[in-house]
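1. Sequence plus the predicted model coming up.
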Amino acid sequence: MTNLFEMVISLSVKGGAAALGVWLVCQLLHRLNAPRQLCRVLWLAVFLRLICPVGIPVALPQAAALPAQWEETASEEALFSQTAPLPVGESGAQTAAGPSAGALLTLGWAAGAAGLGLYALWEGRKLARRVALACRTPEGYYTGEGVDTPFVWGMFRPRIYLPAGLDPDTCTHVLTHERAHLRQLDFLLKPLCYAVVCLHWFNPLAWLAYRQFALECEAACDQAALARMDPARRGEYCRSLVRFAMAPSLTLQPLALGQSNVKARVKAILAFRKPAAWALVLALALALGAGLACFAQPVTQDSPVPAAESPAKETAVPAPEAALALPVAEYNYVSCRYGGDESLGTFHKGLDLAAEEGTPVLAAASGLVTQAQYHWSYGNFVEVDHGDGLTTLYAHLDTLTVEEGETVTAGQQLGTVGRTGNVTGNCLHFEVRENGTVTDPETYLNLES
């Protein structure tokens, strides 16, 4: 559950950044009088970003060069010497905030999401009871007592509800608008977006996205209804909206689509005109660029390492074959090897062994545990000093079974394989250093390809 919450936090940050960008782009699209469908689709892209962990990699150069002993790899790990050690005697499984704090945060997040889900069900039940006696008319919509504003309700069997006693012109205009909701599948998309917001309830930008999506749905339906109307009938359409201006708004109602923000909609209708060809092309380009930017995944790269300081060229004299035992005997495959392309500024300083979660991680040799704690990039990790300048590091562990200051023997369990820290799957990141210089772990291991 804690890992799920960490993933939600990461997605919330990326989705929030996408929401801010889309909001700015939508302001430009409004000024260009672009079709509101473009804005509606962009907000849908934001919701997709809030639940999609996969993005489009965008390489970014490192802002400033760091000393060699503090360099970070381009993909995930920072040097383990960067992390301040915990006081001797504290469990290595603890994070800076402590496991109890993380558990409480996770519990609070789950309670908030569940509470909002129950609220949606409660509101849906109230609405169902209010319109239970509504009757179907020959025109296909439902009306009766309790229906005081037009709306569409129902995810799987959507129905249009209109107040009783509408004159024919008003009824025609409102039906045109509500049927546009049906064509756009808003009755299905809005509840799904609300479910995403429930996961990110702590993020105000997620609520902004939800509100703006609901408003853009209404504006898109207005434009669809106005497309075939002359100016005179547009005025009648506006009067139909004003008639329901005092009715309860359903903008934030999770399961229904109804009248909202009538003032802004009327102003938009009165200013409605088809955009110029150049403005439409520009709007489409902006919308496409914003949609792609929503899924950008920044990847920080190290500055290229000068040849004289290349880790590969500073590697110590190779140790005898199989100087270290395999830290994960039951690994599935090697997911990433030591090395990389220096011309691209990337260099992986360890060996990643993919294995099932919970697989034992063993000490490669006897030594002293110098660090056993949590790091933002390594996750739960253990560092072992084997003497004579040789140290090993075991990262992304799910659990730790040793503490700092503890002496371990070769083959003793240090923890279990996991996916904590900055990593994409279950694996052990294994590093070897000789006198402080990173070396290729395969030099010390009998490793099957």
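-> Received, thanks. Numbers count the residues shown, from 1 in each chain.

2. Residue 409 and residue 368 touch, don't they?
-> No - the pair residue 409 / residue 368 is not scored as a contact, 11.2 Å apart, by Cβ atoms under 8 Å. All C-beta atoms are positioned from the backbone trio N, CA, C, and that covers glycine.

3. Quick check: the gap between the closest residue to residue 52 other than its chain neighbours and residue 445.
-> Distance criterion Cβ to Cβ, 6 or more residues apart in numbering; nearest residue to residue 52, sequence neighbours excluded, is residue 295 at 7.2 Å. Taking Cβ to Cβ, to the nearest Å as the measure, residue 295 falls 38 Å from residue 445.

4. Repeat that for residue 283.
-> From residue 283 over to residue 445 the distance is 57 Å, taken as Cβ to Cβ.

5. ok, residues contacting stretch 161-179?
-> Stretch 161-179 is contacted from outside by 131, 134, 139, 141-145, 147-153, 160, 221-222, 224-225, 236-237, 239-240, 243-244, 257, using Cβ atoms under 8 Å, 6 or more residues apart in numbering.

6. Can you flag the buried ones in those residues?
-> The neighbour count (16 or more other Cβ atoms under 10 Å) marks 131, 134, 141-144, 147, 149-153, 160, 221-222, 224-225, 237, 240, 243-244, 257 as buried among the contacts of stretch 161-179.

7. Which of these fall within strands?
-> 142, 143, 151, 152, 153, 160, 257 (DSSP state E).

8. domain ranges for the chain?
-> Domains of the chain are assigned by automatic domain parsing as 2-109+185-293, 307-443.

9. Out of the ones you listed, indicate the one that is most buried.
-> domain 307-443 (a mean of 19; mean count of other Cβ atoms under 10 Å).

10. and residue 162, how many neighbours does it have?
-> 23 (other Cβ atoms under 10 Å).

11. With the one 10 residues further on instead?
-> Using other Cβ under 10 Å as the criterion, residue 172 is surrounded by 17 other residues.

12. Number of residues surrounding residue 169?
-> Close neighbours of residue 169, defined as other Cβ under 10 Å, add up to 13.

13. so how far is whichever helix or strand it is part of from its chain's centroid?
-> Per DSSP states H and E: residue 169 is located in helix 168-184. Centroid separation for helix 168-184 versus its chain: 35 Å, with Cα atoms, centre = their mean, to the nearest Å.

14. can I get the CA coordinates of that helix in CSV?
-> Provided in CSV are the C-alpha atoms of helix 168-184 (Å, rounded to 0.1, in the frame of the first residue of the first chain):
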residue,chain,number,x,y,z
PRO,A,168,-41.3,24.0,-27.3
ASP,A,169,-38.5,26.3,-28.2
THR,A,170,-36.7,26.0,-24.9
CYS,A,171,-37.2,22.2,-24.9
THR,A,172,-35.7,22.0,-28.4
HIS,A,173,-32.6,24.0,-27.4
VAL,A,174,-32.0,22.1,-24.2
LEU,A,175,-32.5,18.8,-25.8
THR,A,176,-29.9,19.7,-28.5
HIS,A,177,-27.4,20.5,-25.8
GLU,A,178,-28.0,17.4,-23.7
ARG,A,179,-27.9,15.1,-26.7
ALA,A,180,-24.5,16.6,-27.5
HIS,A,181,-23.4,15.3,-24.1
LEU,A,182,-24.5,11.8,-25.1
ARG,A,183,-22.6,11.9,-28.4
GLN,A,184,-19.4,13.0,-26.5
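
15. gap between the helix or strand just after it and the chain center?
-> Using DSSP H and E, the helix or strand that follows helix 168-184 towards the C-terminus is helix 186-199. Computed by Cα atoms, centre = their mean, the chain-centroid distance of helix 186-199 equals 15 Å.

16. what's helix 186-199 in contact with?
-> Contacts with helix 186-199, where a contact means Cβ under 8 Å, 6+ apart, come from 8, 44, 47, 50-51, 113, 116-117, 120, 152-155, 158, 181, 206-207, 209-210, 213-214, 217, 221, 254-255, 257.

17. tell me the angle of that helix relative to helix 168-184?
-> Interaxial angle of helix 186-199 relative to helix 168-184 (axes from the mean of the first three to the mean of the last three Cα atoms, to 10 degrees): 60 degrees.

18. can I get the domains of the chain in JSON lines with mean pLDDT and distance to residue 172?
-> Rendered in JSON lines, the data for these read as follows (pLDDT from 0 to 100; distance: least, Cβ to Cβ, whole Å):
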{"stretch": "domain 2-109+185-293", "mean pLDDT": "72", "distance to residue 172": "9"}
{"stretch": "domain 307-443", "mean pLDDT": "83", "distance to residue 172": "54"}
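
19. Same list, these, but as CSV with distance to residue 173 please.
-> As requested, the domains of the chain are exported to CSV (distance: least, Cβ to Cβ, whole Å):
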stretch, distance to residue 173
domain 2-109+185-293, 4
domain 307-443, 52
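
20. The ones you listed: which one's closest to residue 127?
-> Set against residue 127 and scored by Cβ to Cβ, the domains of the chain come closest in domain 2-109+185-293, at 6.2 Å.

21. Which SSE is immediately downstream of the helix ranked longest in the chain?
-> Assignment by DSSP state H gives helix 99-130 as the longest helix of the chain. Sequence-wise, the next helix or strand downstream of helix 99-130 (DSSP H and E) is strand 135-136.

22. Report all helices and strands that that following strand contacts.
-> If you count contacts as 3 or more Cβ pairs under 8 Å, 6 or more residues apart in numbering; DSSP states H and E, strand 135-136 packs onto strand 142-143.

23. So the residue nearest to residue 25 when sequence neighbours are not counted, which state does it fall into?
-> Once flanking residues are discounted, residue 25 sits nearest to residue 290: 4.2 Å by Cβ to Cβ, 6+ apart. Classification of residue 290 by DSSP: H, G, I helix; E, B strand; the rest coil places it in helix.
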